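Dropping the sequence and predicted coords here.
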Amino acid sequence: MVTPDAPSAQEDALLDPQRIAAARRLILEVPGHAAFDRLSSLASRIVDAGHAKVTLFTDQDTVVGGYGLPPGVIGGPALLTGALSAIVVRQGRALSIPDARADERVADLPAVTSGQVRAYLGSPLVAASGHVVGALAVYDSEPRNWTDDETELLQQLADSVVAELELSAARSAVGTSVTRLNIALEASSIGTWERDFRTGVIDWDERCAALFGLDGAAQFQDEHAMESEFVHPDDIGPLHDAMQRAMVEHGQFTAEFRALTIDGTLRWMVARGRVINDSRGEPVRLLGTTIDVTETRRQAAQRLSAMERATAIAEVAAELANAARMEDMPEIAQRGAQVLGAESSALAVFDPDGGPLRLHMTNRLTDEIQGHVDYPVAGLEIELDEGQPTQYAAIHGRRVLLADRAEALARFPAMREGLEVLGIHAVAALPLRVEGRILGAFVPLWGTEHPFAADDVEVLEALAAQIALSVSRLQADAERATAVTAMQEANQRLQLLAEAGRILSGTLEIDQQVRELAELVVPDLADWCWLVVRDEQGRLHGMAASHRDPSRREEVEAYVRSMLAVMTDEAAARVVTATGRPLTVTDVDWARVERVLPDPSAREALARLGLGSGTVVPLVARGQTLGALGLFSREDRGPLSPAEVDTAVEIGLRAGLALHHARLFGQQRALADALQRSMLTDPPEPDHSEVVVRYVPAAAGAEIGGDWYDAFLQPSGATVVAIGDVVGHDTRAAAAMGQVRGLLRGIGYSSGGSPAEVLTELDRAIEGLALDTMATALVARLEQDEDDLRAGRVRFRWSSAGHPPPIVLTAEGKVSLLDDEESELLLGVAPETPRHEHVTVLDAGSTVLLYTDGLVERRDRDLDTGIAELIEVVRECASFTADALCDEVLKRLFLPDAQDDVALLAVRLHPQDEPRPPEAGPQVVPPNIEPSPDVIPEAGTDR
């Protein structure tokens with residue numbers, strides 16, 4: 001049953017942890033139930049109730065006293081009225097129930113239903129903390145009305161209960177505190193004393209007297225007698241002054257002084273006191289304590305000394321960690337050794353990878369030793385002599401501590417001279433060890449005898465450990481720097497070789513290659529350079545030169561010309577090209593230079609360029625030396641390293657191979673080009689027609705292509721133009737091209753047939769002659785009768801065998817594509833297939849452009865896109881001459897690295913009623929054709 005007085009668990013005051021803690025504090029200090037029984041009895045008599053009890057609520061209810069209760073209830077839970085008292089604690093105010101059976105809040109409780117509780121009056125017990133910790137309750141088995149006076153009296157009695165609880169807790173706390181204080185005083189050897197200002201008597205308790213060596217408590221009648229007997233004379237005044245100030249200021253005092261004990265021992269004490277005033281505010285007593293702080297001071301002094309040493313070592317460690325050179329290490333280490341009084345120091349360190357032992361000393365020690373020897377002692381290599389403590393520690397990894405000269409000479413007799421010359425009396429040598437490796441030894445030196453205490457040894461060991469770490473780091477840094485430098489140099493050489501390879505493989509233009517190569521090696525390998533090659537007669541020619549200052553390149557070129565003109569057989573260029581082996585000059589012998597270059601002006605030019613060192617490497621390919629590459633530097637740069645010479649030799653090999661390939665390619669390309677062009681004859685220039693042709697071979701390889709063009713006059717005088725492309729890119733395709741072109745030329749001339757007839761007969765001839773080839777071709781004929789002449793026009797009749805369509809450019813600048821709807825078969829596929837013709841009327845001033853697919857077709861675009869770009873270029877160049885138009889088309893559309901050759905043919909029709917323009921040149925026709933007049937008056941009369 002949940003009533004308004006029974007809140008949820010979340011808000012239940014009984015569950016408040018702070019309230020429970022307050023109740024637990026009081027219940028733990030309850031000395032017994034007698035006092036609470038009396039208060040319960042008093043409450044019962046005052047209100048005339050049959051029963052009374054005091055209940056405390058922690059996490060459960062506990063009856064701590066009562067009246068009229070059954071035996072065994074006190075000390076346990078309230079079996080009958082616990083639930084009623086819980087309501088009092090929850091609501092924190094008095095609970096008055098005249099008739100429990102009539103009160104729905106409690107009517108169902110067992111105490112009520114059993115008839116034992118009918119009337120109930122409870123008052124909360126509120127602790128000093130403000131928390132309700134329990135209840136004082138009275139109850140009866142008969143109903144009754146509780147008056148306000150009874151309620152108030154019960155509350156006053158509840159306050160008495162709380163007071164009794166708080167008093168018991170306070171007494172317990174005081175007793176505990178006193179006990180703890182006595183224990184603390186005993187444990188800490190603190191003595192207490194008292195001085196009575198009225199009588200002048202000073203009392204010491206037993207602990208205070210014991211501090212001064214006395215047995216039992218002591219009393220002194222005279223302050224001055226006590227001070228003179230037990231206080232150091234120098235501390236009496238300060239101690240007395242501190243007490244006087246406390247008296248004047250009515251406050252506290254603290255003083256540290258040296259105490260004289262009974263056995264004559266001097267101890268350090270700290271006295272603290274407080275002035276006690278009477279009711280008038282006058283000081284009457286001084287209460288104080290005394291504690292022996294001798295051991296504390298000793299430990300503090302040790303800690304201070306250790307801290308000072310640790311601080312010094314830490315500072316030195318930080319400097320060591322930041323040291324950048326081995327030469328700086330002795331001075332830094334010496335600052336650490338100074339903590340122990342060392343006057344100088346040295347480090348003996350093994351070079352990495354099993355190198356010698358080198359001695360690095362402080363400046364003072366270096367100067368002293370240098371004054372007795374005639375060789376430099378900085379970083380001096382020393383012998384591994386076990387008769388010296390430094391080498392002994394470095395060899396065996398064991399420390400050596402020599403506190404005086406006698407000990408030093410007894411163990412290391414060979415030290416005598418050094419000890420006497422340098423004035424050394426004590427020596428320590430500690431191995432420098434990192435991860436089991438001995439790196440050397442740290443050697444501090446003293447000018448006086450120095451016994452090595454345990455603390456000193458710890459400091460030296462710590463300092464040696466820090467030095468070892470720094471030496472290891474410096475050596476690792478040096479090794480790393482060397483490795484990084486070597487790696488960087490190797491990478492630079494690899495990059496140089498890679499760049500040389502890129503240059504020598506990027507183009508077959510050898511002149512451009514060697515120019516870029518000369519610019520590449522300067523300044524990476526030299527300040528200036530030249531590259532000379534040998535021709536077929538064995539003569540050397542300058543091919544490239546470079547200088548790190550681009551403005552001086554012409555100066556180098558001029559020197560190379562003069563050098564080649566006058567040099568003797570002893571010249572490096574001739575020696576290297578003759579032997580095929582590199583030549584390096586680290587120191588220039590100018591007497592030899594005079595023999596090599598007899599001309600003084602050549603030598604002067606060489607001197608101006610600067611010659612401190614030089615390396616000349618051969619350009620070799622397939623066992624032949626084709627030339628030489630000379631690399632030269634001024635005096636301040638130094639000669640090439642062996643690795644750099646190897647790089648230069650490799651560059652020479654690559655350059656020689658590239659030169660060899662370029663020569664082969666040039667020879668083959670010249671032969672191929674000559675053969676190709678021998679098959680492509682110059683076109684005629686009939687009447688007022690201008691025919692312009694272009695052929696551009698593919699950039700890659702030396703193969704002869706299959707593209708061709710042709711223009712000739714039939715016996716009737718009609719001009720025939722043709723263009724084609726044999727499938728393939730090799731000598732077979734070139735041979736087939738020559739045959740196809742020859743057949744077409746012969747058939748077209750002898751038959752006088754139309755374009756379609758010529759292609760049909762050509763297709764039959766290819767099959768009949770078993771040429772086994774395929775080709776695209778386009779044949780066109782320019783036709784004109786009298787009507788056409790007077791109209792100023794020409795009929796362009798054409799037929800195509802799978803060839804890209806012609807482009808027409810009118811005099812007004814309009815461009816169109818002569819494209820038939822269906823592309824016809826290539827030649828060599830189906831000779832029986834009929835060929836069709838197309839006729840286009842062209843006005844004077846028009847231009848027809850024929851071309852092969854290499855101009856418009858590439859890997860990155862299709863044929864239609866290429867033709868569209870060609871049309872746009874032609875439109876933009878409408879005002880150009882025919883020659884300029886062809887050149888511009890090739891410039892814009894033919895790529896330098898094109899994989900296909902290109903043939904181009906343009907026919908421009910000039911007005912016949914005017915002379916041929918100068919750019920068209922004179923009329924050129926075969927001997928059997930009658931030339932046309934320069935001007936035909938009737939031409940264009942019907943326009």
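Nice, thanks for sending it over. Numbering: from 1, shown residues only.

Share the number of residues neighbouring Thr58, please.
For Thr58, the count of nearby residues is 19 (other Cβ atoms under 10 Å). Where C-beta positions appear, they are placed from N, C-alpha and C, glycine not excepted.

now do Glu343
20.

Find the residue closest to it in space, skipping its chain neighbours.
Spatially, and ignoring its direct neighbours in sequence, Glu343 is nearest to Gly447 (4.8 Å; Cβ to Cβ, 6 or more residues apart in numbering).

Please look at that neighbour and Arg405 and confirm they touch.
No. Counting by Cβ atoms under 8 Å, Gly447 does not reach Arg405; the two are 11.2 Å apart.

so where's the longest strand in this protein?
As assigned by DSSP state E, the longest strand anywhere in the chain is strand 266-277.

Can you tell me the strand partners of it and which way each runs?
As defined by DSSP bridges, the strand partners of strand 266-277 come to strand 252-260 (antiparallel), strand 283-292 (antiparallel).

which residues does the residue nearest to Glu343 contact?
Glu343, Gly423, Ile424, His425 (Cβ atoms under 8 Å, 6 or more residues apart in numbering).

Buried ones among the residues you listed?
Buried by 16 or more other Cβ atoms under 10 Å: Glu343, Ile424, His425, out of these.

can you pull the contacts of the last one?
For His425, the contacting residues are Asp404, Arg405, Leu419, Trp446, Gly447, Thr448, Glu449, His450, taking Cβ under 8 Å, 6+ apart as the criterion.

what about the strands in the stretch 701-850 of the chain?
707-713, 719-726, 775-783, 793-801, 807-809, 815-817, 838-843, 847-851 (DSSP state E, counting those that start in this stretch).

how far does the fifth one sit from the chain's center?
Centroid displacement of strand 807-809 relative to its chain, using Cα atoms, centre = their mean, to the nearest Å, is 62 Å.

picking that back up, I'd like the buried ones among the contacts of Gly447 laid out as CSV, including distance to Gly813.
Formatted as CSV, these follow (distance: Cβ to Cβ, whole Å):
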residue, distance to Gly813
Glu343, 102
Ile424, 106
His425, 111
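
Which one of those is nearest to Thr568?
Relative to Thr568, the closest of the buried ones among the contacts of Gly447 is Ile424; by Cβ to Cβ it sits at 67.7 Å.

Would you mind giving the secondary structure of the closest one?
With DSSP: H, G, I helix; E, B strand; the rest coil as the basis, Ile424 sits in coil.

Among the contacts of His425, name the ones in helices.
Judged by DSSP state H, the contacts of His425 include Arg405, Leu419 as members of helices.

Pick out whichever of the contacts of His425 sits closest to Ala648.
The closest of the contacts of His425, once distances to Ala648 are taken by Cβ to Cβ, is Leu419, at 57.5 Å.

which ones are touching the nearest residue to the closest one once chain neighbours are set aside?
Distances taken as Cβ to Cβ, 6+ apart put Arg405 closest to Leu419, at 5.8 Å, once the chain neighbours are dropped. Contact partners of Arg405, counting by Cβ under 8 Å, 6+ apart, are Leu419, Ile424, His425, Glu449.

is it fair to say Ser96 lies in a strand?
Yes. Assessed with three-state DSSP, Ser96 lies in a strand.

Please name the residues that touch it.
Tyr120, Leu121, Trp146, Thr151.

same deal with Glu869?
Val856, Leu893.

Same check on the one 10 residues further on?
Applying Cβ under 8 Å, 6+ apart, we find Ser879 in contact with Gly813.

Give me the pLDDT value at it.
Looking at Ser879, its pLDDT reads 93.

Now do the SS call for it.
coil.

Tell me where the stretch 351-500 of the chain is predicted with low confidence.
Counting by pLDDT under 70, the stretch 351-500 of the chain has low-confidence residues at 483, 489-490.

Thought Val117 was touching Ala111, still the case?
Yes. Between Ala111 and Val117 a contact is recorded at 4.2 Å, counting by Cβ under 8 Å.

intersection of neighbour lists for the two?
Common neighbours of Ala111 and Val117 (Cβ under 8 Å, 6+ apart) are Leu80, Thr81, Leu84, Ala100.

what's the burial count for the second one?
The number of residues packed around Thr81, counting by other Cβ under 10 Å, is 27.

host element of the spatially most central residue of the chain?
Residue closest to the mean C-alpha point of the chain, counted by Cα atoms, centre = their mean, is Val484 at 17.1 Å. Following DSSP states H and E, one finds Val484 within helix 454-506.

Which helix or strand lies directly C-terminal to that helix?
Using DSSP H and E, the first helix or strand after helix 454-506 is helix 510-524.

For that next one, which residues meet the burial criterion?
Ile510, Gln513, Val514, Arg515, Glu516, Leu517, Ala518, Glu519, Leu520, Val521, Val522.

And the pLDDT for Asn145?
Predicted confidence (pLDDT) for Asn145: 91.

could you check the distance from it over to Val693?
140 Å (Cβ to Cβ, to the nearest Å).

quick one, which of these two is more surrounded?
Each of Asn145 and Val693 has its neighbours counted (other Cβ under 10 Å); Val693 has more, 19 against 9.

Can you verify that one is assigned to a strand?
Yes. Under three-state DSSP, Val693 falls within a strand.

Contacts only, for the closest residue to Gly580 other than its chain neighbours.
Leaving aside its sequence neighbours, Gly580 sits nearest to Thr625 (Cβ to Cβ, 6+ apart; 4.4 Å). The contact partners of Thr625, by Cβ under 8 Å, 6+ apart, come to Arg534, Val576, Thr577, Ala578, Thr579, Gly580, Pro618, Leu619, Gly656.

Okay, and which of those residues map to helices?
Using DSSP H, these in helices are Val576, Thr577, Ala578, Thr579, Gly656.

just the buried members of these?
Buried subset of the ones in helices among the contacts of Thr625 (neighbour count, 16+ other Cβ under 10 Å): Val576, Thr577, Gly656.

Reformat those as a markdown table; add pLDDT and distance to Ala478.
Below are these laid out as a markdown table (pLDDT from 0 to 100; distance: Cβ to Cβ, whole Å):
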| residue | pLDDT | distance to Ala478 |
| --- | --- | --- |
| Val576 | 93 | 38 |
| Thr577 | 93 | 43 |
| Gly656 | 82 | 40 |
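
just curious, which of those is nearest to Ala605?
Val576 (20.5 Å).

show me the contacts for that closest one.
Contacts for Val576 (Cβ under 8 Å, 6+ apart) come out as Pro582, Leu583, Val616, Val617, Pro618, Thr625, Ala628.

Which one (most neighbours) among the residues you listed?
Neighbour count (other Cβ under 10 Å) singles out Ala628 as the most crowded of the contacts of Val576, with 30 neighbours.

still on that earlier bit, compare the shared contacts of Ala111 and Val117 and tell me which has the most neighbours.
Thr81 (27 neighbours).

Do I have it right that it meets Asp140?
No. Using Cβ under 8 Å as the test, Thr81 is too far from Asp140 to be in contact (11.4 Å).

overlap in contacts of the two?
Contacts common to Thr81 and Asp140, judged by Cβ under 8 Å, 6+ apart, are Val117.

hmm, back to that, how big is the angle separating the helix or strand harbouring the residue nearest to Gly580 from helix 510-524?
Using DSSP H and E, Thr625 maps to strand 624-633. Strand 624-633 runs at 30 degrees relative to helix 510-524, counting by axes from the mean of the first three to the mean of the last three Cα atoms, to 10 degrees.
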